[in-house]
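Visitor: sequence and predicted structure below; questions after.
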Amino acid sequence: MFLSCSRRSLAVTAAVLTGSLAWAVAHAEDRQITTATLNWEPFYAETLERYGFFTAITNAAFERAGYEVHNDFIPWERAMKDTREGYRDVLQGAYYSDERAAEYYVSDVVYEAEVGLVARADFDLDEYSNLRQLADYTIAVGRGFEHSEAFDEAAFLDKQENDDHPQLAVRQLFADRIDLIAGGIPAILHEITAQGHSLEDVKVIQPPLVVNPLHNMVSHDHPRGEQLIEDFNQGLAAIREDGTYEQILLEMDVLDPDEVD
């Protein structure tokens with residue numbers, strides 16, 4: 001009898017320990033997440049220090065909330081699809097749209113990016129007052145990118161989509177294959193200098209299309225989607241509060257020290 005009870009106790013103890021271990025493993029996996037985005041310098045790219053300032057901010061906010069983060073860099077359409085279908089947890093650095101909000105939980109604003117048009121310096125317009133003034137020009141855009149609502153819905157514009165934006169678009173611009181590049185101005189200008197051109201060779205057409213807030217997003221179908229966004233928002237608020245956010249921008253040359261209050 002004593003032996004039987006002992007065996008029974010050992011069996012119960014083993015079951016408890018096994019259950020506890022399984023819970024611990026599951027809990028650890030819950031804290032491991034993968035973000036997905038494209039290479040879009042200087043915001044985020046696998047070739048940049050800390051994968052770019054936006055990725056550094058994203059990782060810092062999630063890590064503050066207790067997560068271990070892995071970052072993947074893939075074409076944008078695939079990043080959206082993989083996040084929407086659950087192969088990756090977080091879509092990193094996305095513009096808001098009602099269509100996206102219907103599919104993803106949307107984080108607080110992480111950073112604001114000016115979106116506009118860049119042309120060669122000898123382009124015949126410096127500014128425009130109506131998008132129809134651009135109807136005769138060929139405009140390179142990233143496939144699946146959001147710009148402004150008016151620009152995205154302007155079917156009369158000659159928009160050429162590509163999956164390697166803005167890298168391909170810059171090559172096309174200097175080969176006279178397109179007239180304008182639409183997208184995030186910092187990313188376009190960064191790529192122009194990365195390809196060995198001078199910023200004196202181009203100009204930014206005024207006004208910008210929009211100043212777009214950038215967010216992180218998680219699919220509505222993700223079993224922890226709402227919690228992930230809530231945790232990220234709390235982490236983001238914490239790193240803003242203690243100066244980590246600003247320090248990242250300073251260290252990665254996004255802010256000039258004179259611009260900081």
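Guide: That came through fine.
Visitor: show me where the stretch 151-261 of the chain has strands.
Guide: Shown for the stretch 151-261 of the chain, the strands assigned by DSSP state E, counting those that start in this stretch span residues 158-162, 180-184, 202-219.
Visitor: whoops, the stretch 1-150 of the chain was the one
Guide: 32-37, 68-73, 90-95, 104-106, 111-120, 138-142.
Visitor: adjacent strands (with direction) for the fourth one?
Guide: For strand 104-106, sheet partners with direction are given as strand 202-219 (antiparallel), following DSSP bridges.
Visitor: picking up where we left off before, same list (the strands of the stretch 1-150 of the chain) but as TSV, adding mean pLDDT and mean neighbour count.
Guide: Yep, even glycine has a C-beta here, placed from its N, CA and C like the rest. Listed next are these as TSV, based on pLDDT from 0 to 100; neighbours: other C-beta atoms under 10 Å:
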stretch	mean pLDDT	mean neighbour count
strand 32-37	97	21
strand 68-73	98	16
strand 90-95	96	27
strand 104-106	98	21
strand 111-120	94	20
strand 138-142	97	22
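Visitor: picking that back up, single out the most deeply packed of the strands of the stretch 151-261 of the chain.
Guide: Using mean count of other C-beta atoms under 10 Å, the stretch among those with the greatest mean number of neighbours is strand 180-184 (a mean of 25).
Visitor: that strand vs strand 90-95, what angle?
Guide: Strand 180-184 runs at 120 degrees relative to strand 90-95, counting by axes from the mean of the first three to the mean of the last three C-alpha atoms, to 10 degrees.
Visitor: in its sheet, what does strand 180-184 sit against?
Guide: Strands flanking strand 180-184 in the sheet, each with its direction: strand 111-120 (antiparallel), strand 138-142 (parallel) (DSSP bridges).
Visitor: quick one: contacts of stretch 37-52?
Guide: When contacts are defined by C-beta atoms under 8 Å, 6 or more residues apart in numbering, stretch 37-52 is touched by residues 53-56, 59, 71-76, 79, 91-93, 111, 113, 142, 165-167, 184, 186-187, 190-191, 194, 214, 252, 254.
Visitor: I misspoke; the intended subject was stretch 103-112.
Guide: 43, 53-54, 57-58, 61, 83-84, 91, 93-94, 96, 100, 211-220, 222, 225-226, 228-229, 232-233, 236-237.
Visitor: tell me how far that stretch lies from the chain's centre.
Guide: Here stretch 103-112 shows a centroid-to-chain-centroid distance of 9 Å under the convention C-alpha atoms, centre = their mean, to the nearest Å.
Visitor: and it, how far apart are its ends?
Guide: One end of stretch 103-112 sits 22 Å from the other (C-alpha to C-alpha, to the nearest Å).
Visitor: can you check stretch 150-162 too?
Guide: End residues of stretch 150-162 are separated by 20 Å (C-alpha to C-alpha).
Visitor: tell me how far that stretch lies from the chain's centre.
Guide: 22 Å.
Visitor: quick one: residues contacting the residue most central in space within the chain.
Guide: Nearest to the mean C-alpha position of the chain, by C-alpha atoms, centre = their mean, lies Gly93 at 1.8 Å. Taking C-beta under 8 Å, 6+ apart as the contact definition, Gly93 lies against Thr37, Trp40, Phe43, Tyr44, Phe54, Thr58, Val110, Leu214, His215, Asn216.
Visitor: can you list those in a markdown table and add distance to Phe123?
Guide: As requested, the contacts of Gly93 are exported to a markdown table (distance: C-beta to C-beta, whole Å):
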| residue | distance to Phe123 |
| --- | --- |
| Thr37 | 30 |
| Trp40 | 23 |
| Phe43 | 25 |
| Tyr44 | 29 |
| Phe54 | 29 |
| Thr58 | 35 |
| Val110 | 32 |
| Leu214 | 27 |
| His215 | 32 |
| Asn216 | 35 |
